[in-house]
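Student: Just need the structure, nothing else, for what follows:
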Amino acid sequence: VDLNKRRAIDIFVAYEFPEWQEEVIAALKANYNAEAGKFDDKQVLSTLGASGMLKNKKVMPFAQEIKKRVVLTGIKAFDRAVEFKEVELLNELAAYLKRTLEFDTVNIIDLSSTKDLRDDQAKAAEVAVPGEPSFLIYNI
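Tutor: Take a look at the predicted model:
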């Protein structure tokens with residue numbers, strides 16, 4: 001991005017988690033002993049391996065992150081529902097973001113209702129999950 005030229009930011013908001021993440025969480029949840037505060041790691045690996053999930057290089061780092069969250073916050077870490085309306089909040093903040101970050105355009109893109117994305121937008125939108133939007137910054 002050339003800072004001397006006009007800039008825009010697209011903010012992508014997702015309402016659903018990728019299916020593979022849901023499968024990882026289900027495997028972790030099914031193999032977690034809340035009383036002992038421990039995971040049956042062998043069974044988690046067996047479950048993920050049986051479904052072919054271990055071929056995805058994102059699975060194990062994601063599983064480790066969820067396990068850390070469970071250790072820190074307890075079983076509520078398995079519930080990943082967002083308790084606020086992201087699009088509404090970001091729309092309220094759009095003017096502030098535009099002014100303070102010096103963007104000419106701030107676009108809030110609701111991925112549940114938008115299907116026609118440019119290739120660069122589609123790639124940036126892939127990593128958006130509820131509560132963690134993704135961004136694309138570019139020159140106009």
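Student: only C-alpha atoms for contact and neighbour calcs from this point on.
Tutor: Noted.
Student: Residues touching stretch 20-35, excluding its own?
Tutor: Defining contact as C-alpha atoms under 8 Å, 6 or more residues apart in numbering, one finds that stretch 20-35 is touched by 38-41, 43-44, 47-48, 53, 59, 62-63, 66-67, 75, 78.
Student: before we move on, what about stretch 64-75?
Tutor: Contacts of stretch 64-75 (C-alpha under 8 Å, 6+ apart): 25, 28, 34, 37, 76, 77, 78.
Student: now do 10 Å
Tutor: Contacts to stretch 64-75, defined as C-alpha atoms under 10 Å, 6 or more residues apart in numbering, come from residues 21, 24-25, 28-29, 32-34, 37-39, 59-63, 76-78.
Student: got it, and stretch 111-126?
Tutor: If you take C-alpha under 10 Å, 6+ apart as the criterion, stretch 111-126 is touched by 10-16, 18, 109, 128-129, 133-138.
Student: give me that answer again for 7 Å
Tutor: Defining contact as C-alpha atoms under 7 Å, 6 or more residues apart in numbering, one finds that stretch 111-126 is touched by 12, 13, 14, 15, 134, 135, 136.
Student: Give me the subset of the residues you listed that lies in strands.
Tutor: 12, 13, 134, 135, 136 (DSSP state E).
Student: So which of the residues you listed is surrounded by the most neighbours?
Tutor: Top of the ones in strands among the contacts of stretch 111-126 by neighbour number is residue 12, holding 27 neighbours under the definition other C-alpha atoms under 10 Å.
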